[in-house]
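K.L.:
My questions concern the predicted model and sequence given below.
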Amino acid sequence: MKLTIHVFFILLFMAGCHSGQQVKPLKPIHVATGNWQPFIGEDLPQNGPVAQMIASILIELDYLPIFKYYDWGFVHTHLEAGYPSFAFPYIKSEDSTTFKYSKPIVHIEYVLYYYNKTGHKVYHYKTVQDLVNSNKHIGRIRGYTKFPGIDEDSVYVEVPNTIDGFKMLVDGDIDFLIEARPVGKLTVMSSEIPADASDFCYLGQSDKPNTPDDSIFVKDLPFHIKFSPKVSDEFVDNINMAISTCSKTEYYKSLTEKLRKTQQEFLKAYLFSANHDLIYGYTTSDIKQPAYILPLSTEVVVTQWSKIFKEAFNSPKRSVSGFRSQVKIMNGPLKGKTMWVANEQIELSKK
């Protein structure tokens, strides 16, 4: 668990949204959430665009937001006990009679991801019930709601987090994974996922041969602030009024636009050639025949460094030539693929 507050952002917001008004002292308030990039994250600027939305709403009510990061399951379990008092973002789900919810703060597409390395998996589910009847296992991240229309507990397998969920898809432990489409899109580009990004699809994906009715499995869902049942109705009403007020401001609208464009930042490297030779990609670390040709300045994330970078360079006659590291391609025609490239063609900063 970590507490995060960005005073600089708050001062900017107050200057921009409360100009001409007398600024009141802000009362500190703890806000529970979890890492969910690209929307929310301890390492994102000002905790990410959704957190900035929440901050603007609370500042409207003269509160100083202090974000506490938890496991999603922890938040769900402890909200009922009254601590924390509220958390975000949540879909209004089957527990809506127990908990209280705000007005929607943002809409995000939810989908069912699956692993399709061979490219031969084609699912033809005409209805959600067809999927339920197929006896497939659906990964549900701890603390997440069920997929709309799929209420049977027997089809769900609880997974710890998004990264582990995609790993379970690769290993065949689950058939589908519930996740927000943008979150999944960025996760499969992560160096932690042992597969090409192009090996993952989701039901209803427009450029893949899936169900005939795309809308069945692509859900544009509203996300809310979720309150403990012990929170007063007056406080929830005040939050809803603040949402209505803030959603009309240019600042809030700019955050909504930012959500559409936001991209996760990676620690990047680049491929180059001192002699402007071709850059080759290989399927293994030692195979002689290259499988790919890559453009100069291709962006990559190194997923496995060659041992030569980790060991002492004992011999003055030793050369790095011929050694390779594994990378995941971040842009260009081979974006998302994992391959091996020569060490001497990896540069950590673009010149």
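P.N.:
Structure received.
K.L.:
residue contacts, Met168?
P.N.:
139, 157, 159, 174, 177 (C-beta atoms under 8 Å, 6 or more residues apart in numbering). Quick note: C-beta positions are derived from backbone N, CA and C, even for glycine.
K.L.:
what comes up buried for stretch 65-77?
P.N.:
Residues of stretch 65-77 classed as buried: 65, 67-76 (neighbour count, 16 or more other C-beta atoms under 10 Å).
K.L.:
now stretch 39-59
P.N.:
Quick answer for stretch 39-59 (16+ other C-beta under 10 Å): 39-42, 44, 46-59.
K.L.:
what's the span of that stretch, first residue to last?
P.N.:
19 Å (C-alpha to C-alpha, to the nearest Å).
K.L.:
Over to stretch 109-123?
P.N.:
End-to-end distance of stretch 109-123 (C-alpha to C-alpha): 20 Å.
K.L.:
Over to stretch 82-100?
P.N.:
Distance across stretch 82-100, first residue to last, is 12 Å (C-alpha to C-alpha).
K.L.:
can you list contacts of it?
P.N.:
Taking C-beta under 8 Å, 6+ apart as the rule, stretch 82-100 contacts 30-33, 36, 39-40, 50, 54, 68, 75, 78-80, 101, 105-106, 108, 110, 145-146, 151, 221-231, 233, 236.
K.L.:
and if you look at stretch 45-60?
P.N.:
The contact list for stretch 45-60, computed with C-beta under 8 Å, 6+ apart, reads 4, 6, 9-10, 13-14, 17, 26, 29, 31, 33, 36-41, 44, 64-65, 67, 88-89, 105-106, 223, 225, 239, 242-243, 245-246, 249, 251-252, 255-256, 258-259, 262.
K.L.:
can you give me the offset of it from its chain's centre?
P.N.:
17 Å (C-alpha atoms, centre = their mean, to the nearest Å).
K.L.:
looking only at pLDDT, what's the mean for that stretch?
P.N.:
Stretch 45-60 shows a mean pLDDT of 90.
K.L.:
Lowest average confidence across helices and strands of the chain, where is it?
P.N.:
helix 7-17 (a mean of 45; mean pLDDT, DSSP states H and E).
K.L.:
Next, the buried residues of the helix or strand that comes right after that one.
P.N.:
For helix 7-17, the following helix or strand on the C-terminal side (DSSP states H and E) is strand 27-33. Across strand 27-33, burial judged by 16+ other C-beta under 10 Å covers 31-33.
K.L.:
out of those residues, which one sits closest to Met330?
P.N.:
The nearest member of those to Met330, counting by C-beta to C-beta, is Thr33 at 27.5 Å.
K.L.:
Dig out what the closest one forms beta bridges with.
P.N.:
Assessed by DSSP bridges, Thr33 has beta-bridge partners Tyr69.
K.L.:
I figured it was touching Tyr69, is that so?
P.N.:
Yes: contact criterion C-beta atoms under 8 Å: Thr33 and Tyr69 qualify, at 6.3 Å.
K.L.:
any idea which element the residue nearest in space to the middle of the chain lies in?
P.N.:
Centroid-nearest residue in the chain: Val183, 3.0 Å away (criterion: C-alpha atoms, centre = their mean). Taking DSSP H and E as the criterion, Val183 maps to helix 181-187.
K.L.:
Now find how far off-centre that helix is within its chain.
P.N.:
Centroid separation between helix 181-187 and its chain, computed with C-alpha atoms, centre = their mean, is 5 Å.
K.L.:
what's it packed up against?
P.N.:
The helices and strands touching helix 181-187, judged by 3 or more C-beta pairs under 8 Å, 6 or more residues apart in numbering; DSSP states H and E, are strand 106-115, helix 162-171, strand 200-202.
K.L.:
quick one: low-confidence parts of the protein?
P.N.:
1-24, 94-97, 119-120, 206-215, 260-268, 309-322, 349-351 (pLDDT under 70).
K.L.:
who's in contact with stretch 64-80?
P.N.:
1-5, 10, 26-35, 42, 47, 51, 54-55, 58-59, 84, 86-87, 98-99, 141-144, 161, 226-229.
K.L.:
Please narrow the residues you listed to those residing in helices.
P.N.:
Taking DSSP state H, the ones among these that sit in helices are 10, 51, 54-55, 58-59.
K.L.:
of all these, which comes closest to Gly165?
P.N.:
The shortest approach to Gly165 among these belongs to Ala51, at 22.4 Å (C-beta to C-beta).
K.L.:
do you know how far the closest one is from Tyr113?
P.N.:
Note on Ala51: its distance to Tyr113, by C-beta to C-beta, to the nearest Å, is 24 Å.
K.L.:
For the top helix by length along the chain, list the C-alpha coordinates in PDB.
P.N.:
The longest helix of the chain (DSSP H) is helix 233-246. What follows is helix 233-246, C-alpha atoms only, in PDB (Å, rounded to 0.1, in the frame of the first residue of the first chain):
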ATOM      1  CA  ASP A 233     -26.300   9.800   1.400                       C
ATOM      2  CA  GLU A 234     -25.500  13.500   1.800                       C
ATOM      3  CA  PHE A 235     -21.800  12.900   1.000                       C
ATOM      4  CA  VAL A 236     -22.700  10.800  -2.100                       C
ATOM      5  CA  ASP A 237     -25.100  13.500  -3.300                       C
ATOM      6  CA  ASN A 238     -22.400  16.100  -2.900                       C
ATOM      7  CA  ILE A 239     -20.000  14.000  -4.900                       C
ATOM      8  CA  ASN A 240     -22.600  13.600  -7.600                       C
ATOM      9  CA  MET A 241     -23.200  17.400  -7.800                       C
ATOM     10  CA  ALA A 242     -19.400  17.900  -8.000                       C
ATOM     11  CA  ILE A 243     -19.200  15.400 -10.900                       C
ATOM     12  CA  SER A 244     -22.000  17.300 -12.700                       C
ATOM     13  CA  THR A 245     -20.100  20.600 -12.200                       C
ATOM     14  CA  CYS A 246     -16.600  19.400 -13.100                       C
END
